[in-house]
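A.B. asks: Coordinates only, no sequence provided:
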């Protein structure tokens, strides 16, 4: 992870990530072993083609993930998502300004 993140402290931030930058935690290709897993509940599933779009919630927060269409998913199922930490965005919660 970028050394610049270590310099950020204090205040509140908004974490952002594009839906295509998540991976299903059950699809371990050897790269996800030490990465954090976000547990989320599936609210809605759309399969517009070669990908599956998931509308998810993690309690009070919502997010979207775009995964492979061959993924077996059901509404109200809990899944684990692995974020690509090279693709995160941080914003100031006060100004909305992009920090990273």
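C.D. replies: That came through, no problem. Just so you know, these numbers come straight off a predicted model, no measurement behind them.

A.B. asks: Now whichever strand in the chain runs longest: buried residues?
C.D. replies: Assignment by DSSP state E gives strand 38-46 as the longest strand of the chain. Neighbour-count burial for strand 38-46 flags 38, 40, 42 (criterion: 16 or more other CB atoms under 10 Å). C-beta: built from backbone N, CA, C; applies to glycine.

A.B. asks: With respect to residue 64, which of the residues you listed is nearest?
C.D. replies: residue 40 (10.0 Å; CB to CB).

A.B. asks: For the spatially closest residue to that closest one that is not a sequence neighbour, give me its contacts.
C.D. replies: Sequence neighbours aside, residue 56 is the residue nearest to residue 40 in space, at 3.9 Å (criterion: CB to CB, 6 or more residues apart in numbering). Neighbour list for residue 56: 40-43, 62-65, 79, 81 [criterion: CB atoms under 8 Å, 6 or more residues apart in numbering].

A.B. asks: Could you do residue 54 as well?
C.D. replies: Applying CB under 8 Å, 6+ apart, we find residue 54 in contact with 42, 44-45, 64-67, 73, 79.

A.B. asks: Looking at the residues you listed, spot the one nearest residue 99.
C.D. replies: residue 64 (21.8 Å).

A.B. asks: Good, wrapping up.
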